[in-house]
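Q: sharing a model that was predicted from the sequence below.
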Amino acid sequence: MKDKVISGKTKICGVVGDPIEHTMSPVMHNTVFKTLGIDYIYVPFKVKSSELRQAIEGMRALNIRGLNITIPHKVAVMRFLDRIDPLAEKIGAVNTIVNDEGILTGYNTDAGGFLQALLEKDINPAGKKVLVLGAGGAAKAICFILAEHGANLVILNRKLELDWAQDIAHRIEQNYTANVRADELNKKNLEQTLTNIDILVNATSVGMSPNTDETPVDAKLLCSDLVVFDIIYNPFPTRFLREAKTAGAKTIDGLEMLVWQGALSFEKWTGRKPPVDLMRQSALRLLQRNEK
């Protein structure tokens, strides 16, 4: 395979965030660009919140084809765009921008990435009862895509941030007919809710590296009837998923959501469907290398 040659025709994509050192998106996208022989390159940009406007203006001025947007900019970036996809507008967050001759359009592929990860495991959320732990940006995207596809939701979040969960529930009720309830994440509510749930989603940071011994749900509450989805991908797998698998539950790891959101962004920028398995393999290799 020939080395990549950068020229005046090379199209630029990238990811904007702060911090950005941990991102696995460059290796996923650049591996696929090279394999498919597409004249694109993907680079990370560390951008402070105070510099976000200038960064987006720079995207337009430098004719950067596409950007992924990550923490902490997914909400703030919306005010600097020309168009917002309807689903991203409902969610209130953008993680992908496409530049069409200076017109910047924002999308949310986190939502579609989560959904696609479910569908690839033959899990249709329609009519399912889903418990989502957490109410941050990722949880918001997950809740909206589940509501759009007919799931019934319970959102549990820490008491200090319960209003975040209530806001998500309120906005979902304004846009969809799905049943949704927001409540405090505590032992009692967790135990009671889990008795009548099909899918359990961890959208909190509990169990994320370096706190790898933590888990959001006691292993005694897990059972074989559950589908358990942990959006954390470092460590791989999390303690939560290991214990869910031991309990006989069907498990989905955070790498699946990461890869599928990236694949959907890739398609918007290039008009081509990427080899998802190759994206997954490249990300997994990087994870394993970093763990050594």
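A: Everything's here; your move. Residues are numbered from 1 along each chain as shown.

Q: show me the contacts for the residue nearest to Ala93 when sequence neighbours are not counted.
A: Spatial nearest neighbour of Ala93, excluding adjacent residues (C-beta to C-beta, 6 or more residues apart in numbering): Lys74 at 4.2 Å. Where C-beta positions appear, they are placed from N, C-alpha and C, glycine not excepted. Listed by C-beta atoms under 8 Å, 6 or more residues apart in numbering, the contact set of Lys74 reads Ala93, Val94, Asn95, Gly137.

Q: just send the residues you listed back as TSV, with distance to Phe33 and pLDDT too.
A: Formatted as TSV, the contacts of Lys74 follow (distance: C-beta to C-beta, whole Å; pLDDT from 0 to 100):
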residue	distance to Phe33	pLDDT
Ala93	26	92
Val94	23	96
Asn95	19	96
Gly137	27	86
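
Q: what's the closest of those residues to Leu81?
A: Val94 (6.9 Å; C-beta to C-beta).

Q: about what we covered before: can you select the buried ones among the contacts of Lys74 for me in PyMOL?
A: The PyMOL command for the buried members of the contacts of Lys74 (criterion: 16 or more other C-beta atoms under 10 Å) is given here:
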select buried, resi 93+94+95+137
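
Q: and the contacts of Lys74, which of them are in helices?
A: Secondary structure from DSSP state H places Gly137 of the contacts of Lys74 in helices.

Q: turn the contacts of Lys74 into CSV, including distance to Thr23.
A: Shown next, in CSV, are these (distance: C-beta to C-beta, whole Å):
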residue, distance to Thr23
Ala93, 18
Val94, 17
Asn95, 12
Gly137, 16
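
Q: just to revisit the earlier point, in a helix, the residue nearest to Ala93, correct?
A: No - according to DSSP: H, G, I helix; E, B strand; the rest coil, Lys74 belongs to no helix; its state is coil.

Q: quick revisit: of the contacts of Lys74, closest to Tyr40?
A: Nearest to Tyr40 among those is Asn95, at 18.5 Å by C-beta to C-beta.

Q: let me see the contact set for Leu190.
A: Taking C-beta under 8 Å, 6+ apart, we find Leu190 in contact with Leu156, Val217, Leu221.

Q: ok, so of those residues, who is nearest Ser265?
A: Taking C-beta to C-beta as the measure, Ser265 lies nearest Leu156 of the contacts of Leu190, at 29.5 Å.

Q: grab the nearest non-local neighbour of that closest one.
A: Nearest to Leu156 is Leu185, by C-beta to C-beta, 6+ apart, at 3.9 Å.

Q: any low-confidence regions in the stretch 1-150 of the chain?
A: For the stretch 1-150 of the chain, the stretches with pLDDT under 70 are 1-2.
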